[in-house]
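Student: Structure for this input, please:
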Amino acid sequence: MVEAQQAQSGNTVQVHYTGKLADGTVFDSSEGREPLEFSIGEGQIIPGFEQAVIGMTEGESKTAEIPSEEAYGPHRQEMVLEVDREQIPEDIEVETGQQLQVQHPSGQQIPVVVTEVADSKVTLDANHPLAGQNLTFDIELVKVAE
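Tutor: Here you go, the predicted structure:
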């Protein structure tokens, strides 16, 4: 009998997952899609998820609680910007919850969410939408490859 291989750093793995917020709201899932494939130890996914997969064997399922520090990090106030309404192109009708791209002086495009709109000011949040949140993942290890 061949012993099921345990996932370890350096392996490429395939997993099915469902990610939930503390209140049980599902924010992402691989259900109905191909499994998520990634290489352990390459930083392709959040650290807590990677750690949860290490040591699992093919076919195993588990639920992992991942604190915000091991997920998308804390919500950082310095990532919240207030800009003058004139700095946003006139053809963009800004509204709360809207996602925009801003260009960093380095040329990099940064996704932001509009969190507040006033007559002369617009508040933009460049934190990841899940920053500051503890996450729960139901994980099924589908396949381990060398």
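
Student: Direction included, what does the helix or strand of the chain with the lowest mean pLDDT pair against?
Tutor: One helix or strand of the chain scores below all others by mean pLDDT, DSSP states H and E: strand 99-103, with a mean of 88. Applying DSSP bridges, strand 99-103 is found paired with strand 109-117 (antiparallel).

Student: Name the next helix or strand downstream of the strand it pairs with, please.
Tutor: Once the chain leaves strand 109-117, the next helix or strand it forms, by DSSP states H and E, is strand 121-125.

Student: isn't there a helix covering residue 49?
Tutor: Yes: under DSSP: H, G, I helix; E, B strand; the rest coil, residue 49 sits within a helix.

Student: Can you tell me how far it is from residue 107?
Tutor: Look at residue 49 and residue 107: by CB to CB, to the nearest Å, they are 30 Å apart. In this view, the C-beta of every residue, glycine as well, is placed from N, C-alpha and C.

Student: What of residue 123?
Tutor: 24 Å.

Student: Neighbour count for residue 49 and residue 107, which is higher?
Tutor: residue 49 (21 against 6; other CB atoms under 10 Å).

Student: Name the strands paired with the longest strand along the chain and say parallel or antiparallel.
Tutor: Scanning the chain for the strand with the most residues, using DSSP state E, yields strand 135-145. The pairing partners recorded for strand 135-145 under DSSP bridges are strand 12-20 (antiparallel), strand 61-66 (antiparallel).
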